[in-house]
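**Student:** coordinates only, sequence not included:
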């Protein structure tokens with residue numbers, strides 16, 4: 001935006017004025033962007049002089065209608081919004097956001113709904129305007145956008161507006177690495193501020209599974225200090241991989257150096273972090289003792305003061321042997337460098353004039369000066385860099401945001417189409433191949449796993465009788481088991497799939513309070529949770545496992561039409577309830593009681609969905625059940641369901 005503003009001024013007498021302005025502020029405006037702008041300006045000036053076309057360039061500037069007030073100028077921008085190109089819309093969104101210009105909200109919402117890669121400024125503006133009604137648009141951004149600013153502003157807005165049921169959506173965007181490493185910090189910050197269980201564990205899981213080393217290291221640093229042995233292995237492992245990758249690069253680039261600074265500033269806030277950094281850099285200095293002066297300088301610049309006090313380790317002295325102890329300045333991921341207020345005012349004057357030209361209006365000089373000072377002052381108060389309009393700006397603008405009020409269950413029921421989804425409980429079909437002796441009307445479902453101490457024995461029992469079961473795993477349990485025992489967990493998942501069993505959705509966190517789990521969830525948010533579950537499952541299993549069925553904790557909502565609609569939107573068949581199991585068959589049940597129930601369950605005269613859990617005695621119970629059914633309860637020719645049936649779904 002800076003380059004666009006200044007270069008566009010190279011017309012007629014504006015050439016000399018521009019060069020003069022550039023020389024005036026060059027000393028205070030630090031950064032490579034200025035050097036690039038000066039080079040471009042020089043080329044344009046030379047081009048204009050050689051062709052002798054300065055006058056013709058000046059004549060190409062569109063004539064504008066002067067206006068006397070800022071309000072009239074802002075209204076003219078809204079009236080001309082449809083004519084603006086994307087860069088101009090970004091400038092206008094920036095102005096509207098800083099001035100909290102609410103009449104522009106409808107245009108900004110339209111900009112966000114277009115889901116283009118360059119509409120980040122509109123997202124930040126809506127955040128600045130505290131537009132809580134844009135929550136559905138922000139959700140849409142997190143589901144489909146790849147633009148770092150858009151994603152960061154959307155995630156931060158959802159968190160600030162109290163849209164707590166979008167927590168799974170925010171985590172999914174993080175695990176999908178949407179927006180690359182540049183969006184990571186804002187998404188992590190949003191996730192950490194949203195209430196819910198297993199926060200530290202999910203961050204450790206993300207740090208361990210993200211493929212981009214800079215993104216993974218930033219997540220790991222945000223989880224420092226680790227909360228326990230499980231998270232410690234994942235967090236420290238991610239940081240070690242990043243530093244190894246970074247140190248091996250001869251020219252890692254400024255982005256990588258900036259990541260090093262940020263990571264170290266978060267990790268070296270305590271003694272454990274300083275010791276960890278000591279071990280990391282001592283190791284890499286031994287491997288690469290030469291040609292790493294930039295690496296060392298970046299490391300020194302990121303260290304917190306506490307680490308410099310620990311000179312007994314000797315590693316800081318070793319770093320000092322490779323580079324002067326001066327601060328090594330590198331900029332962070334986004335935004336312009338800070339400038340003095342006078343330079344900021346000049347910057348805004350140019351931007352105001354350019355935006356006005358695009359709208360066909362020009363604000364009179366006195367009002368332009370006042371508006372430029374006002375915009376620069378707002379940035380100064382908010383501690384924003386001149387021209388900065390990104391996710392970090394949104395973070396500062398969202399303080400004290402209003403709360404989002406989700407739709408209640410009455411509204412959700414009104415929206416749902418009751419005639420679309422089957423009400424017949426007996427339409428459930430597990431689609432599993434069972435042995436000929438096993439009643440086709442019986443479905444074995446096992447909830448709340450995986451529990452590694454008991455699951456192998458359960459699989460042994462199922463394999464012994466060649467019976468297939470549906471495992472309704474919990475997303476958080478999958479992630480926890482994998483962080484604790486990755487090899488064993490993956491081997492178990494391989495065995496489940498290879499044995500022909502199915503894996504089904506049983507929520508991410510096993511919340512059993514309806515209000516916390518689904519009563520106020522939009523159908524799309526349930527689909528977000530299912531998508532997150534699929535993502536975690538596939539990362540844990542190392543393969544793509546199809547998920548076609550689901551059951552919410554406690555069987556909540558299986559008759560609610562919007563829950564049926566939510567499952568349908570998520571690509572699932574009907575919500576799987578149960579009609580056998582607890583309380584007559586639980587972990588404390590004696591084996592002979594299981595045998596007594598077996599034939600009754602096999603010949604109920606209707607489909608039987610058996611609910612079980614991964615407890616210590618389950619393998620023994622299954623052996624007794626299968627043996628009894630096979631030997632004493634043969635399949636009858638007149639069974640009500642000799643073949644499986646499929647639910648008939650209407651047209652969505």
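**Tutor:** That came through, no problem. All values reported here derive from a predicted model rather than from experimental measurement.

**Student:** ok, residue 121 - contacts?
**Tutor:** 89-91, 93-94, 97, 149, 389 (CB atoms under 8 Å, 6 or more residues apart in numbering). Any C-beta I mention is one placed from the backbone N, CA and C, and that applies to glycine too.

**Student:** contact partners of stretch 133-140?
**Tutor:** Contacts for stretch 133-140 (CB under 8 Å, 6+ apart): 109, 112-113, 115, 123, 126, 153-155, 157-158, 161, 163, 166, 169, 404, 524-525, 528.

**Student:** closest to residue 287 among the contacts of residue 121?
**Tutor:** Nearest to residue 287 among the contacts of residue 121 is residue 149, at 37.5 Å by CB to CB.

**Student:** For stretch 465-483, which residues meet the burial criterion?
**Tutor:** Buried residues in stretch 465-483, counted by 16 or more other CB atoms under 10 Å: 465, 467-483.

**Student:** still on that earlier bit, any of the contacts of stretch 133-140 buried? List them.
**Tutor:** 109, 112, 115, 123, 126, 153-155, 157-158, 161, 163, 166, 169, 404, 524-525, 528.

**Student:** So which of the contacts of stretch 133-140 belong to helices?
**Tutor:** Secondary structure assignment by DSSP state H places 109, 112-113, 123, 126, 153-155, 157-158, 169, 524-525, 528 of the contacts of stretch 133-140 in helices.

**Student:** Relative to residue 248, which of these is nearest.
**Tutor:** Taking these together and measuring to residue 248 by CB to CB, the closest member is residue 155, at 32.0 Å.

**Student:** dump the residue contacts of the closest one.
**Tutor:** 138, 142, 170, 173, 183, 186-187, 189-191.

**Student:** helices or strands up against whichever strand or helix holds residue 192?
**Tutor:** Assigned by DSSP states H and E, residue 192 belongs to helix 184-193. Where contact means 3 or more CB pairs under 8 Å, 6 or more residues apart in numbering; DSSP states H and E, helix 184-193 is packed against helix 148-160, helix 167-175, helix 199-209, helix 213-222, helix 391-397.

**Student:** closest to residue 103 out of the ones you listed?
**Tutor:** The nearest among the helices and strands packed on helix 184-193, by CB to CB, is helix 391-397 at 18.3 Å.

**Student:** counting contacts, what elements does the closest one pack onto?
**Tutor:** So helix 391-397, by 3+ CB pairs under 8 Å, 6+ apart, packs with helix 120-128, helix 148-160, helix 184-193.

**Student:** just how off-centre is that helix within its chain?
**Tutor:** 16 Å (CA atoms, centre = their mean, to the nearest Å).

**Student:** Tell me the gap between the next helix or strand after it and the middle of its chain.
**Tutor:** Where DSSP H and E defines the elements, the next helix or strand beyond helix 391-397 is helix 409-415. Helix 409-415 has its C-alpha centroid displaced from the chain centroid by 28 Å (CA atoms, centre = their mean).

**Student:** Mind listing residues that contact the next helix or strand after helix 409-415?
**Tutor:** Next helix or strand after helix 409-415 toward the C-terminus (DSSP H and E): strand 442-447. Residues from elsewhere that reach strand 442-447 (CB under 8 Å, 6+ apart): 428, 430, 432, 458, 462, 467-472, 504, 506, 551, 576, 578, 601-602, 607-614, 618, 622, 629.

**Student:** related to what we said a few turns ago, what is the orientation angle of the helix holding residue 192 with helix 213-222?
**Tutor:** 30 degrees (axes from the mean of the first three to the mean of the last three CA atoms, to 10 degrees).

**Student:** who's in contact with helix 184-193?
**Tutor:** 148, 151-153, 155-156, 158-160, 167, 170-171, 173-174, 178-179, 199, 202-203, 214-215, 218-219, 222, 262, 333, 391-392, 394-395.

**Student:** quick check, nearest of the ones in helices among the contacts of stretch 133-140 to residue 236?
**Tutor:** After measuring these against residue 236 - CB to CB - the closest member comes out as residue 155, at 26.0 Å.

**Student:** Quick check: closest non-adjacent residue to the closest one.
**Tutor:** Of all residues not flanking residue 155 in the chain, residue 190 sits nearest, at 3.7 Å (CB to CB, 6 or more residues apart in numbering).

**Student:** Any idea how many residues pack against that neighbour?
**Tutor:** Neighbours of residue 190 under the rule other CB atoms under 10 Å: 31.

**Student:** what's the answer for the one 4 residues further on, then?
**Tutor:** Here the neighbour count serves as a burial measure; for residue 194 (other CB under 10 Å) it reads 20.

**Student:** Quick one: residues contacting the closest residue to it other than its chain neighbours.
**Tutor:** Nearest residue to residue 194, sequence neighbours excluded (CB to CB, 6+ apart): residue 167, at 4.5 Å. Residues in contact with residue 167 (CB under 8 Å, 6+ apart) are 191, 194-196.

**Student:** now those residues as TSV including pLDDT and distance to residue 442?
**Tutor:** Output for those, formatted as TSV (pLDDT from 0 to 100; distance: CB to CB, whole Å):
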residue	pLDDT	distance to residue 442
191	98	42
194	94	41
195	91	40
196	91	36
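
**Student:** Pick out the most distant pair among these.
**Tutor:** Checking the contacts of residue 167 with CB to CB, the most distant pair is 191 and 195, at 10.8 Å.

**Student:** Compare the two and say which is more crowded by neighbours.
**Tutor:** Set residue 191 next to residue 195 and count neighbours by other CB under 10 Å: residue 191 wins out with 25 against 10.

**Student:** now residue 467: how far from residue 446?
**Tutor:** 12 Å (CB to CB, to the nearest Å).

**Student:** residue contacts, residue 109?
**Tutor:** 126, 131, 134, 137.

**Student:** Tell me the most packed of those, by neighbour count.
**Tutor:** Ranking the contacts of residue 109 using other CB under 10 Å puts residue 126 first, with 28 neighbours.

**Student:** tilt between the helix or strand where residue 256 lies and helix 213-222?
**Tutor:** Following DSSP H and E, the helix or strand that holds residue 256 is helix 254-267. Orientation note: helix 254-267 sits at an angle of 10 degrees relative to helix 213-222 (the same axes, to 10 degrees).
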